[in-house]
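Enquirer: got a sequence here, can you model it:
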Amino acid sequence: METKRVAELIEADVEGAVVADIERTPHPGEDEYDHFRAVVVASAFEDASLVGRHDLVYDALGEHMNDDIHAIDLTTFTPAEYDERQ
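Expert: Numbering: from 1, shown residues only. The predicted model follows:
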């Protein structure tokens, strides 16, 4: 799966989401599944715990988490949190 498609899925389903950075990180010897690393900024994260934020992203990726994506390393921010780090 391409990084652009992963970002599109997240941005389409998580309220106010912007994928600020995403990269595919292939795992040696594992050709069937893709590994990704993503930074996601979303207003939907405002009142969510870390687990809740990740669940929102996993829900957006849906069946791709079972079929195309083996792992995704997420860093999540609210817009205010992200602005503070810039």
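Enquirer: ok, then the element right after whatever helix or strand residue 51 lives in?
Expert: Taking DSSP states H and E as the definition, residue 51 sits inside helix 50-61. Where DSSP H and E defines the elements, the next helix or strand beyond helix 50-61 is helix 64-67.
Enquirer: which other helices and strands contact the helix holding residue 51?
Expert: Applying 3 or more C-beta pairs under 8 Å, 6 or more residues apart in numbering; DSSP states H and E, one finds that helix 50-61 makes contact with helix 3-13, strand 34-41, strand 69-77. Where C-beta positions appear, they are placed from N, C-alpha and C, glycine not excepted.
Enquirer: among these, single out whichever gets nearest to residue 49.
Expert: strand 69-77 (10.4 Å; C-beta to C-beta).
Enquirer: now the helix holding residue 51 - C-alpha only, CSV.
Expert: This file holds the C-alpha atoms of helix 50-61, laid out as CSV (Å, rounded to 0.1, in the frame of the first residue of the first chain):
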residue,chain,number,x,y,z
LEU,A,50,-3.5,8.2,23.5
VAL,A,51,-5.2,4.8,23.1
GLY,A,52,-8.3,6.6,21.8
ARG,A,53,-6.3,8.6,19.3
HIS,A,54,-4.7,5.4,18.0
ASP,A,55,-8.1,3.7,17.8
LEU,A,56,-9.5,6.5,15.7
VAL,A,57,-6.6,6.0,13.2
TYR,A,58,-6.9,2.2,13.2
ASP,A,59,-10.7,2.6,12.6
ALA,A,60,-10.0,4.9,9.6
LEU,A,61,-7.7,2.2,8.2
